[in-house]
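Enquirer: Sharing a sequence plus its predicted fold:
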Amino acid sequence: MSKSISGFSKLSKSKKIDWIVDTYFVNKEDAKNILKQYWNSNEKLQQLHDEFIENTISNYYLPLGVAPNFLINNKLYTIPMAIEESSVVAAASKAAKFWLDRGGFKTKVISTEKIGQVHFMYHGNFENLQRFFEKVKPQLIGETKSITKNMEKRGGGILKIELRDKTNEIKGYYQLHATFETVDAMGANFINSCLEQFANTFKKEAEKYDAFGPDENIQIVMSILSNYVPNCLVRAEVSCPVEDLNEDSTISGRDFAQKFIQAVKIAEVEPYRAVTHNKGIMNGIDAVVLATGNDFRAVEAGVHAYAARNGIYSSLTHAKIDYGIFKFWIEIPLALGTIGGLTSLHPLVKLSLELLHKPSAKELMQIVAVAGLAQNFAALRSLITTGIQEGHMKMHLMNILNQFNVNEHEKSILIEHFKVNIVTHSAVTDALKKLRVKSE
Ligand SMILES: CC(C)(COP(=O)([O-])OP(=O)([O-])OC[C@H]1O[C@@H](n2cnc3c(N)ncnc32)[C@H](O)[C@@H]1OP(=O)([O-])[O-])[C@@H](O)C(=O)NCCC(=O)NCCSC(=O)C[C@@](C)(O)CC(=O)[O-]
Ligand SMILES: NC(=O)C1=CN([C@@H]2O[C@H](COP(=O)(O)OP(=O)(O)OC[C@H]3O[C@@H](n4cnc5c(N)ncnc54)[C@H](O)[C@@H]3O)[C@@H](O)[C@H]2O)C=CC1
């Protein structure tokens with residue numbers, strides 16, 4: 001039976017593990033050994049990982065793969081990808097190779113603004129509040145100077161603060177809606193620090209503001225950045241003459257282009273399909289976001305909100321034929337950092353960023369958008385030609401074999417067998433059964 005515990009956070013790592021294994025596991029030694037098996041033998045490195053989060057008991061590995069041959073704005077990249085799902089890295093690599101011979105990916109950062117809000121309640125006269133806001137605005141900016149001065153030197157800082165009336169949604173609800181430029185940082189901590197200072201200044205000055213009547217007070221509810229960043233937007237595109245889409249022997253370039261565009265259009269209008277379509281895009285995006293130590297929850301939340309911005313959840317990519325040229329593109333909001341967060345701490349993140357030629361945040365936005373577009377291209381290409389299972393299951397074969405604990409001899413025979421046979425879970429079970437019967 002499980003039990004609760006008080007003061008768990010104050011226990012040492014080994015005492016935490018003792019409590020966990022005593023409370024939840026039948027085979028306590030096994031559980032302990034599994035946790036310890038994943039500790040790094042370099043104690044300093046392990047301590048670094050322990051201190052990334054709280055109550056750390058072990059490390060949770062994900063594979064780090066690489067997808068080479070990405071030509072982005074005429075520069076070659078090998079893209080690092082941290083992901084658990086088979087076939088994603090292969091698919092990205094295949095798409096990169098395909099576009100390498102067709103001009104590569106062209107990208108552009110459209111905008112880099114981020115948003116933060118102080119949410120507050122006020123039940124007095126709106127004109128009075130507006131006058132107060134205009135009066136206090138320079139002070140809101142002035143009192144954040146110690147936070148913003150270095151960011152301003154880098155070309156960033158606070159761009160705008162607006163007072164927003166939200167009383168149609170909730171009685172008495174207003175916002176200070178602020179816009180920021182955070183250069184190479186994702187900016188969450190910078191923005192939150194500015195917002196909390198705005199809130200302090202706003203409340204303090206309101207208490208001293210003579211024009212407010214006795215009931216016209218301001219109650220701060222919260223101050224927090226928004227992960228919805230529709231004005232931190234990047235575009236990536238591929239294009240080529242329709243006839244050049246000729247790598248698949250079963251379909252002409254023109255038919256391929258038309259079927260591809262149909263598939264994208266379906267995802268534009270049909271939410272059930274759009275979610276899966278975008279999941280495929282996020283296979284690429286999340287993997288690079290993770291490998292470069294960025295906040296994938298922030299990216300995911302922002303991207304899906306953007307996909308639903310017109311009131312229907314829709315495709316993040318689009319495609320068309322323009323005068324015989326096939327064009328396929330993505331526009332996506334990405335608040336990323338190449339400074340701050342884990343970027344200078346996690347050794348594999350540092351390595352990944354070096355592999356990417358130490359990009360600025362803007363460059364990383366473009367690389368990540370390309371990974372999403374490439375992933376979507378690979379998935380759609382499979383979906384409209386062979387079907388997804390052929391390639392995906394080919395890559396997944398190793399996982400199935402490992403589930404059955406096959407030995408090296410069995411593995412090599414089954415890999416050969418499935419070079420010419422379709423992989424399904426039951427086909428692997430049958431082939432393994434036959435093989436084991438034969439060798440008895
Ligand atoms: C899986 C492939 C690439 C096989 O494709 P293939 O044609 O059998 O591969 P190939 O053996 O002919 O190799 C061609 C190239 O593919 C890459 N490649 C090939 N194999 C490997 C490998 N082992 N390791 C690394 N890279 C590999 C690599 O670039 C290679 O070139 P090379 O390196 O030889 O010069 C293809 O079928 C494909 O792209 N499939 C799509 C897979 C996919 O999208 N997976 C995502 C998971 S499914 C999902 O979550 C999303 C989805 C599908 O639901 C989204 C949606 O619905 O839109
Ligand atoms: N809702 C959300 O998304 C939230 C996310 N977070 C976390 O916050 C972290 C990201 O916050 P950040 O403020 O980006 O990181 P951070 O707190 O590590 O700050 C980065 C700092 O680096 C400095 N800097 C040096 N060179 C710079 C350059 N060229 N450009 C920009 N800044 C430069 C700046 O002082 C900047 O504030 C992530 O770990 C994220 O998970 C935290 C709270 C909420």
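Expert: Received the coordinates, thanks. Numbering: from 1, shown residues only. Ligands and ions are numbered 1, 2, ... in the order given.

Enquirer: switch to C-alpha atoms for all contacts and neighbour counts from now on
Expert: Noted.

Enquirer: Spit out the contact partners of whatever residue of the stretch 301-440 of the chain ends up closest to ligand 2.
Expert: Using CA to the nearest ligand atom, the point where the stretch 301-440 of the chain gets nearest to ligand 2 is Gly340, with a distance of 3.1 Å. The neighbourhood of Gly340, defined by CA atoms under 8 Å, 6 or more residues apart in numbering, consists of Ala185, Met186.

Enquirer: same question, the one 10 residues further on
Expert: The contact partners of Lys350, taken as CA under 8 Å, 6+ apart, are Thr292, Thr343, Ser344.

Enquirer: same question, Gln389
Expert: Contacts for Gln389 (CA under 8 Å, 6+ apart) come out as none.

Enquirer: Looks to me like it is in a helix.
Expert: Yes. Inclusion of Gln389 in a helix is indicated when DSSP: H, G, I helix; E, B strand; the rest coil is applied.

Enquirer: Does the lowest-mean-pLDDT helix or strand in the chain reach ligand 1?
Expert: Ranked by mean pLDDT, DSSP states H and E, the weakest helix or strand in the chain is helix 388-403, scoring a mean of 86. Yes. Judged by CA under 6 Å from any ligand atom, helix 388-403 comes into contact with ligand 1 at Ile388, Gly391, His392.

Enquirer: Export these as TSV, with columns for distance to Gln46 and neighbour count.
Expert: Written out in TSV, the entries for the residues of helix 388-403 next to ligand 1 read as follows (distance: CA to CA, whole Å; neighbours: other CA atoms under 10 Å):
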residue	distance to Gln46	neighbour count
Ile388	39	15
Gly391	37	18
His392	35	19
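
Enquirer: longest helix of the protein?
Expert: Scanning the chain for the longest helix, with DSSP state H as the assignment, gives helix 361-384.

Enquirer: Reformat the residues of helix 388-403 next to ligand 1 as a markdown table; add distance to His318.
Expert: Output for the residues of helix 388-403 next to ligand 1, formatted as a markdown table (distance: CA to CA, whole Å):
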| residue | distance to His318 |
| --- | --- |
| Ile388 | 20 |
| Gly391 | 24 |
| His392 | 24 |
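
Enquirer: Generate a markdown table for those residues, with distance to ligand 2 as supplementary columns.
Expert: As requested, the residues of helix 388-403 next to ligand 1 are arranged in a markdown table below (distance: CA to the nearest ligand atom, whole Å):
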| residue | distance to ligand 2 |
| --- | --- |
| Ile388 | 33 |
| Gly391 | 34 |
| His392 | 31 |
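
Enquirer: Ligand 1: which of the residues you listed is nearest?
Expert: Nearest to ligand 1 among the residues of helix 388-403 next to ligand 1: Gly391, at 3.2 Å, using CA to the nearest ligand atom.

Enquirer: so that closest one sits right up against Val89, yeah?
Expert: No. Contact criterion CA atoms under 8 Å: Gly391 and Val89 do not qualify, at 11.8 Å.

Enquirer: Just want the phi and psi numbers for the nearest residue to Ser239 once chain neighbours are set aside.
Expert: If the residues on either side of it in the chain are set aside, Ser239 comes closest to Lys327, at 4.4 Å by CA to CA, 6 or more residues apart in numbering. For Lys327, the backbone dihedrals are phi -130, psi 140 (criterion: degrees, to the nearest 10).

Enquirer: Could you measure from Lys327 over to Gln219?
Expert: Using CA to CA, to the nearest Å, one gets 51 Å for the distance from Lys327 to Gln219.

Enquirer: Lys166 now?
Expert: With the distance defined as CA to CA, Lys166 ends up 15 Å from Gln219.

Enquirer: Ala301 too?
Expert: Counting by CA to CA, the gap between Ala301 and Gln219 amounts to 28 Å.

Enquirer: Output the set of residues of the stretch 251-400 of the chain in proximity to ligand 1.
Expert: Among all residues of the stretch 251-400 of the chain, those adjacent to ligand 1 (criterion: CA under 6 Å from any ligand atom) are Thr276, His277, Lys279, Gly280, Ala378, Ala379, Leu380, Ser382, Ile388, Gly391, His392.

Enquirer: Closest one of the residues you listed to Ser14?
Expert: Nearest to Ser14 out of those is Lys279 (CA to CA; 38.6 Å).

Enquirer: Secondary structure element for that closest one, which one?
Expert: For Lys279, the host element (DSSP states H and E) is helix 271-291.

Enquirer: mind checking how far that helix is from the chain centre?
Expert: With CA atoms, centre = their mean, to the nearest Å as the basis, the distance from the averaged C-alpha position of helix 271-291 to the chain average is 8 Å.
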